[in-house]
Structure formats: C-alpha cells, structure tokens
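Novice: Next comes the sequence, and after it the predicted model I'd like to discuss.
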Protein chains: 2
Amino acid sequence: MTDAFTRSGASPPETKTGTPASTAEDSSAKKRIVEPTYEGDFVLDERLPLECGRALVCPTLHYAVYGRLNAARDNAVLVCHALSGSALVGSWWPEVFAPGAVLSLEHDFVICINLLGSCYGSTGPSSVNPETGEPYGPDFPLVSIRDNVRAQARLLDSLGVRRLRLVLGGSIGAMQALEWTIQFPQRVERALVVGVTPLSAMGLALNHLQRQAIQHDPEWNGGRYLPQKPPRRGLALARQIAMISYKSAPLFEERFGRNPNRNGEDPWAANGLDGGLTGGRFDVAGYLDHQGQRFIDRFDANSYLAILRTMDTWDPLRGYASPEEAFAGIRARLIFIGISTDWLFPAAEVRRFAETIRAAGAHAEYREMVSAHGHDAFLAEQAELVRLLH
Amino acid sequence: MTDAFTRSGASPPETKTGTPASTAEDSSAKKRIVEPTYEGDFVLDERLPLECGRALVCPTLHYAVYGRLNAARDNAVLVCHALSGSALVGSWWPEVFAPGAVLSLEHDFVICINLLGSCYGSTGPSSVNPETGEPYGPDFPLVSIRDNVRAQARLLDSLGVRRLRLVLGGSIGAMQALEWTIQFPQRVERALVVGVTPLSAMGLALNHLQRQAIQHDPEWNGGRYLPQKPPRRGLALARQIAMISYKSAPLFEERFGRNPNRNGEDPWAANGLDGGLTGGRFDVAGYLDHQGQRFIDRFDANSYLAILRTMDTWDPLRGYASPEEAFAGIRARLIFIGISTDWLFPAAEVRRFAETIRAAGAHAEYREMVSAHGHDAFLAEQAELVRLLH
C-alpha cells in the first residue's frame, strides 16, 4: 500500500518542480532496477467467481517473472505487491534481489502478479466489462484477497508452478501471502508476512477518510469520470492521508520538524494562500503536497477505491468457525515481521496475530524490524529487512 | 480542539438518526451543565495589532464568567478553550466545577473567552470588517496565540482582574495558558497545561490534511461561501480527520473493532454505496460520518481554517533567542499533563517540553494522565483529570 515506486526507484529520475521535499526516498530512488525475464498477461479462460457473489468474466492478470523455473520446478517464489505497487517487483523491491539477499536471479523463479482492481495491467475498474462492453467504472465488484489468491493460483498452474518455495509480501502483499498458506496449504513451503494484521478499527478509519477524499471530489462523478478528467485533488488528498499512516511521527519530526516549506514560503505571513486563511506552508505540508502530486500521475482513483475495499474486507477468519479451523491446516513455515514504528499495523498487533496463528497449530515465527520509517520501512529500508531475514 | 460539546454535554440531547455510533461520549452527554453568572461581549476600543503585521479593528471578545470576583480580587481563574470550544466552559468542562474538583463556583471567579477567529461570538471570519463593511471571509488575518492572549488581558483589565490565581486549558487552550505565563509573568500564579507542545511535524501534517479537505470542497469557493451554502462535506471530512488524531487506536478497537456499521450495512456486499466500489460501511466509518455530520451543524469552515492557523503557528520560542530567554521569566507554577495514549501530542513530548521549560529556570512539574481516550481524554475523562490534580 505504500508508494513502492517513489520509495525504491521504479520511477524515472524526476525533474522536481514547485516545492518537493527532497527526502531519503528521493535519494534512494537512484537505486538499480532489476529487469524481469518476462512481463505479460494471463487471461483466465472462464469466469472467476468472487466471494461477494459476483464474478469477473475472463479477467486478465498482468504479471512479471524473474529468473527461470528449474527442471525440478522447486525454485518458484511468489512476491505479492502492496496497494499501489505493480508486478515489477524488481523495480520496487530491488534490494531483495541483491547478491546474498532474499531472492536470487540465478537460483529462483520469481513471480509477481498485479492485483485485480489495480491500474497496472490486471483487470480493474477501467477495464472493459465483457458483459456490457463498457468499462466497469464504479460497478467493479469487490474482489477479495482470497479471490486474488485463487486467480493467482490459476496463473501459477499455467506456468507449471505447483509449489512455491516462498511466498512473501508486505502490507496487502502480506495479506495475500498469508492467505496463500491458508487456501493452498500443499503449495507453499514458507511465507514471509511483513507488517500486517487484518485492518484494525483505526486502519479502517484511515481508509474511510481516503475514500471520502476521492468521492468528495466533484470530478469523481460517482466513479464515472473521464480518463482525461480524473478526480486529481481527491486522489492526491487520499494519498496524503495514507502517507501519514505509512510514515512515523519521529521520522516526520526529524525530516521536517516545524520548518517552513523549503521553497521559502512563510507560515507566519499575514496573507498566505487562499487569501490569508492558510498562509504559507510548513515543510511537511510541502512534502505531502508533493507526494500527492506524484501519485495522481501514476494511479487511478477507482482502482484506489477498489483496492481499499480489498484491503478493508480481508479477514482470514471469515467463513471459519475458529482460528483453529482457519489456521491449523497451514503447512508452510511462517515468518511474521512487525515494524517497530508502524502505526497502521503496530508491531505488537503483528506479534499477537502471529501468536494466534501459532496457537492454532501452525508454525509461525515473529521477528521485529527496528526502523524509524513506520509501515513504509519494508520498502524504505530494504537492506534492513534483508538483514533481519539472515 | 476536541469536540467539547459532544464530549461533555453542552449540546441538547440529540435525536440520533441514520447511523450514529452510540459511544461513551454520547452517554456522557447526559451530564449536568454549569450555567454562567454572565455571558457577554467585550469590544476593544482600539485596533488590536497582530503579530503578523495586520490588525483587527475594535474586535469583539465573547466571554462567560462563573462565580464572582471577591473583594481582594485574588480569586480569578482563566479557562482557555480548545479548537471548537466556546466561552461556555461550564457546558464543556462541567466536572472541573464539581464539588471538591478544580474550580469552585463559590470561591472562584472563572472567566472563559472565545478565541478570535472562532464562530462562537468573538470576531472571526464571518464578522464584518469595519474597514470594508464586508465579512472578513478568507481575508481574516492570522491571529496568533499571543494576539489572543494580549486581547484577553485587555478584557481582564476591564473586569478589574489584574492577577489570575490559575490559568488552564487543554490542547490550544493549553497553548494560551502557557503563553499567558510568558507574556504576563506578573499576572499568573499557577498554570495547568494539558496535552500540548508546539505542534509536531505530524500535527502540522494532520492540520494540512484537514485544511485541504475544506478547501477542496467546491462550496468553499475560496472562502467566499454563502452562510446558507457552506462547504459541509469538506468540513465534515476535516472533522473526521481530526477525530482520528483525538482518539486512540486501542479505543477505536475496543469500541468498533471490525464490526459492520450498526445500522446493518454489509461491508462485504457485492454492490455497496456508490455503485459497488465502496460497499457497506464498517462501524468505525459510521461513527466518523456521524461525528462529521454533528460538527457541520455547529461550526464554521472559515473559523476552522483560521484556528488551525492559530494552532499551527504557535511557537513560544518564536522571537526569543533561546528557551532561557523565553521561559526564564515565567513566575507561575506550571503543571504539565501528558495523556498516555495521546497521539497528537504524545505524553513523552509533553514531558520533554516541561523539562525544557524547567531547565530554562521556570517551575514546571509533569504529571501523566493514564487514559485510553487519546488526546480527547481531557474532555472525555474529566473525572480522571480532576483526580490527577489532587
């Protein structure tokens, strides 16, 4: 759910204009990108029934692979991306591919699949609904994490991958990783579940705020906006709301403090923006505005709403009578990672979640990543994540 | 800055419609209200020069008093209200007046003055600017905490109050209380500073989000909206963003968890609100929507923006060379109170702030209020606050 691109270097070097805050993310955006072996589409040859009762007709899954499947077919790894990520894991998680890190281009066959609902190639709200000949728009159905995982399994079948030596992801990616071990216990050897629990009430609240930011934008138009006239201000504000939950207060304090915006605006000015009521911005406001602006150029508002819903509704216990019933069947060895300053998915909650799953009979280990970066740490401090796994 | 009314009982019992979440706040809204001895206006007979370089011409301060000034004139107490509060402290902080609590109707002369910029009687954006004959609207100037305190001192002069036995407040109220001890060291005996530091980068970020929520509403119209057509959706969203910073994640978890909204909405519905993208709400979303709706009936958007700026710009060190220069002159005995679960003004930061002031040579004590209520605790758990002060 974090801004994978601006954190890890998939975006081209940007010409910064206006009032960007030059942060550690920006400087880390110089890192190398790992190129995929193949990037393409997989089209399901039938309806994908959804948990909500509807179905997607022959949906497309856009995916990328890195390395090659070996003869024994035992070197497959599935990486699951977060809210605004893409199938190009080598672009947003390059350090995980570093020599001696977690994944190896030489030894592994790494697959990453774009979430249904996204705007990076898989079927989403802007795709044409074959049943109507029109884009889904706001009628795009609720696609759950389980629905995604089941569709992903079909794609893996098509690649000849029966078993995964590892499935991993952070945030919504971690929701998918865990759900893989529940839905397909025989197919997963190990899972790395970073910075996630089912969304807490506070997490649901934050998503509710973001949803409204988009839906209040008059350009949203009930979800039936024109591609050339999207709800830019609403999506930018949603992104900004998300950013405060991805980062930590201490990090903001260290980077921005109470400094005026670095372009020279004066928060104490008698007459500021909008006729005096708002004044000049503080540095953190300039940073947030910049993050919002960057985001609207690369993401779609309806996709954002769709994936918020995918995230909101994830509850691995749903449909099971007890944690035992849900988790006891897991065969994979699970490693949960909590991030010390994560406000969206607090480390203590991740630990408790891992304990619940262990108590249900699964093999679940917990490790804590110490970082000032908050939830974003799994993208912003990849080297630290890699270190923790060794 | 918290919703004093819904937390403490000033609002009349509400007929709840739609999807209100019935919370502890709602049940505590049955508490008694302490009626003021007098409520009225004080009009400065001259220009009030402002720190920003502009001035307010003969501004009005709306105020309320409780009890009577004694012959020795040594029983005056000033209570300073938070963002959306009013001069009617007996309505939003009634338990502080309880027998044996902090304030006594019998022994004290309690004064509370509505902030400049507010919409509860003092001069604010919807007031007519005597220089133009038009409402200030978005041209309302930046009125700092110091400007407010200086204007308040003039009002106290008019009441014959030279010295305060106590000045107290929470949040923005605490900003005023501390500033009183700096600007008028000879006039304050004790000060009670609850849940405040200068806003952190995260606090500034949260205010920036709220500001945009209002300004993105097309009804805001650059601040020149008609009274009958205010930016209701934007103000409601701003309030919701504020609410997540006033409350704590554990409190939300306990109250709402992942429950569907209590009116029976289904977050897992195939087709939800707005054509399927958003689905039915979770309980916390119903709660936030309800809080937003309550707020727009009682507060003005431009006033909200004005006071956000008052809050953002408060820095007691501004204009001083060092903490020593700013704080060493304080004569009052200060008690700082941090709230254990406060996310907006973390207890550890309040403690550090108190230590800085003590290190500068002032008498500053720190106490911590243990509460699950987050920043809101000074309004939501008044009895606990009172207990801590004994």
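Specialist: Looks like it arrived, so ask away. Numbering: from 1, shown residues only, chains lettered A, B, ... in the order given.
Novice: residues contacting A:Arg190?
Specialist: By Cβ atoms under 8 Å, 6 or more residues apart in numbering or on different chains, the contact set of A:Arg190 is A:165-167, A:332-335. Where C-beta positions appear, they are placed from N, C-alpha and C, glycine not excepted.
Novice: Closest one to chain B out of those, please.
Specialist: Set against chain B, the nearest of these by Cβ to the nearest Cβ is A:Leu334 (21.6 Å).
Novice: Narrow the contacts of A:Arg190 to those in strands?
Specialist: The strands, defined by DSSP state E, take in A:166-167, A:333-335 from the contacts of A:Arg190.
Novice: With neighbour count and pLDDT added, can I get those in CSV?
Specialist: Converted to CSV, these look like this (neighbours: other Cβ atoms under 10 Å in any protein chain shown; pLDDT from 0 to 100):
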residue, neighbour count, pLDDT
A:Leu166, 22, 97
A:Val167, 31, 98
A:Arg333, 16, 98
A:Leu334, 23, 98
A:Ile335, 20, 98
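Novice: could you dump these to JSON lines with distance to chain B?
Specialist: Shown next, in JSON lines, are the ones in strands among the contacts of A:Arg190 (distance: Cβ to the nearest Cβ, whole Å):
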{"residue": "A:Leu166", "distance to chain B": "29"}
{"residue": "A:Val167", "distance to chain B": "24"}
{"residue": "A:Arg333", "distance to chain B": "27"}
{"residue": "A:Leu334", "distance to chain B": "22"}
{"residue": "A:Ile335", "distance to chain B": "25"}
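Novice: Would you check how far apart A:Glu324 and A:Arg333 are?
Specialist: Per Cβ to Cβ, to the nearest Å, A:Glu324 is found 18 Å from A:Arg333.
Novice: Could I have the CA atoms of stretch A:157-168 written out in PDB?
Specialist: Included here for stretch A:157-168 are C-alpha records, laid out as PDB according to Å, rounded to 0.1, in the frame of the first residue of the first chain:
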ATOM      1  CA  ASP A 157      -0.800 -23.500 -12.900                       C
ATOM      2  CA  SER A 158      -0.400 -22.100 -16.300                       C
ATOM      3  CA  LEU A 159       3.300 -21.500 -15.600                       C
ATOM      4  CA  GLY A 160       3.800 -25.100 -14.400                       C
ATOM      5  CA  VAL A 161       4.300 -24.000 -10.900                       C
ATOM      6  CA  ARG A 162       2.700 -26.400  -8.400                       C
ATOM      7  CA  ARG A 163       4.600 -25.500  -5.400                       C
ATOM      8  CA  LEU A 164       6.200 -22.300  -4.000                       C
ATOM      9  CA  ARG A 165       9.300 -22.400  -2.000                       C
ATOM     10  CA  LEU A 166       8.400 -19.000  -0.700                       C
ATOM     11  CA  VAL A 167       5.500 -16.500  -0.900                       C
ATOM     12  CA  LEU A 168       6.200 -13.100   0.600                       C
END
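Novice: Could you report the neighbour count for the closest residue to chain B within the stretch 51-200 of chain A?
Specialist: In the stretch 51-200 of chain A, the residue that lies nearest chain B is A:Pro138 (3.5 Å; Cβ to the nearest Cβ). When neighbours are counted by other Cβ atoms under 10 Å in any protein chain shown, A:Pro138 registers 24.
Novice: Excluding chain neighbours, what is closest to it?
Specialist: Nearest residue to A:Pro138 in three dimensions, chain neighbours excluded: A:Gly223, at 2.7 Å (Cβ to Cβ, 6 or more residues apart in numbering or on different chains).
Novice: Please apply the same query to A:Ser126.
Specialist: Spatial nearest neighbour of A:Ser126, excluding adjacent residues (Cβ to Cβ, 6+ apart): A:Pro135 at 5.4 Å.
Novice: wouldn't the one you found be in contact with A:Cys119 here?
Specialist: No. Judged on Cβ atoms under 8 Å, A:Pro135 makes no contact with A:Cys119 at a distance of 11.7 Å.
Novice: Identify the contacts common to these two.
Specialist: Common neighbours of A:Pro135 and A:Cys119, using Cβ under 8 Å, 6+ apart, are A:125-126.
Novice: ok, the two, which is more surrounded?
Specialist: Neighbour totals were compared for A:Pro135 and A:Cys119, and A:Cys119 leads with 22 against 18 (other Cβ under 10 Å).
Novice: Could you check how far the more buried one is from A:His81?
Specialist: As judged by Cβ to Cβ, A:Cys119 and A:His81 stand 13 Å apart.
Novice: Same check on A:Ala98?
Specialist: To A:His81, A:Ala98 is 19 Å away according to Cβ to Cβ.
Novice: Mind checking which of those two has more residues around it?
Specialist: Remark: of A:Ala98 and A:His81, A:His81 carries more neighbours, 26 against 16, as counted by other Cβ under 10 Å.
Novice: Which residue, neighbours along the chain excluded, lies closest to that one?
Specialist: Leaving aside its chain neighbours, A:His81 sits nearest to A:Gly173 (5.2 Å; criterion: Cβ to Cβ, 6+ apart).
Novice: just A:Asp45 next, same as before
Specialist: Once flanking residues are discounted, A:Asp45 sits nearest to A:Cys58: 6.6 Å by Cβ to Cβ, 6+ apart.
Novice: do A:Leu385 as well
Specialist: A:Phe378 (5.6 Å).
Novice: contacting residues for that neighbour?
Specialist: If you count contacts by Cβ under 8 Å, 6+ apart, A:Phe378 has them with A:2, A:170-171, A:194-195, A:337, A:339, A:369, A:385.
Novice: got a markdown table for the residues you listed, with secondary structure, pLDDT and neighbour count too?
Specialist: Output for those, formatted as a markdown table (DSSP: H, G, I helix; E, B strand; the rest coil; pLDDT from 0 to 100; neighbours: other Cβ atoms under 10 Å in any protein chain shown):
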| residue | secondary structure | pLDDT | neighbour count |
| --- | --- | --- | --- |
| A:Thr2 | coil | 41 | 31 |
| A:Gly170 | strand | 97 | 31 |
| A:Ser171 | coil | 98 | 27 |
| A:Val194 | strand | 97 | 29 |
| A:Gly195 | coil | 97 | 30 |
| A:Ile337 | strand | 97 | 27 |
| A:Ile339 | strand | 97 | 29 |
| A:Met369 | strand | 96 | 22 |
| A:Leu385 | helix | 92 | 26 |
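Novice: just curious, which of the residues you listed is nearest to B:Ala213?
Specialist: Using Cβ to Cβ, A:Thr2 comes nearest to B:Ala213 of these, at 22.0 Å.
Novice: Assign a three-state SS to the closest residue in space to A:Phe97 that isn't next to it in sequence, would you?
Specialist: Among residues not flanking A:Phe97 along the chain, A:Val34 sits closest, at 4.7 Å (Cβ to Cβ, 6+ apart). Classification of A:Val34 by DSSP: H, G, I helix; E, B strand; the rest coil places it in coil.
Novice: correct me, but A:Val34 touches A:Ser91?
Specialist: Yes. Using Cβ under 8 Å, A:Val34 is in contact with A:Ser91, at 7.3 Å.
Novice: what is in contact with these two at once?
Specialist: Taking Cβ under 8 Å, 6+ apart as the contact rule, A:Val34 and A:Ser91 touch no residue in common.
Novice: Could you report the pLDDT at the residue nearest to A:Pro138?
Specialist: pLDDT for A:Gly223: 92.
Novice: What number of residues are in the vicinity of it?
Specialist: 24.
Novice: any idea how far A:Pro36 is from it?
Specialist: Per Cβ to Cβ, A:Gly223 is found 32 Å from A:Pro36.
Novice: Also A:Cys58?
Specialist: In this view, A:Cys58 and A:Pro36 are 24 Å apart by Cβ to Cβ.
Novice: same question, A:Pro267
Specialist: 45 Å.
Novice: Tell me where the stretch 101-250 of chain A has strands.
Specialist: For the stretch 101-250 of chain A, applying DSSP state E, counting those that start in this stretch gives strands covering A:109-113, A:128-129, A:134-135, A:166-170, A:190-194.
Novice: could I get the first one in PDB with only the CA atoms?
Specialist: Once non-C-alpha atoms are left out, strand A:109-113 reads as follows in PDB (Å, rounded to 0.1, in the frame of the first residue of the first chain):
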ATOM      1  CA  PHE A 109      12.000 -18.200 -10.400                       C
ATOM      2  CA  VAL A 110      10.300 -15.100  -9.000                       C
ATOM      3  CA  ILE A 111       6.700 -14.300 -10.000                       C
ATOM      4  CA  CYS A 112       4.800 -11.100  -9.200                       C
ATOM      5  CA  ILE A 113       1.200 -10.600 -10.200                       C
END
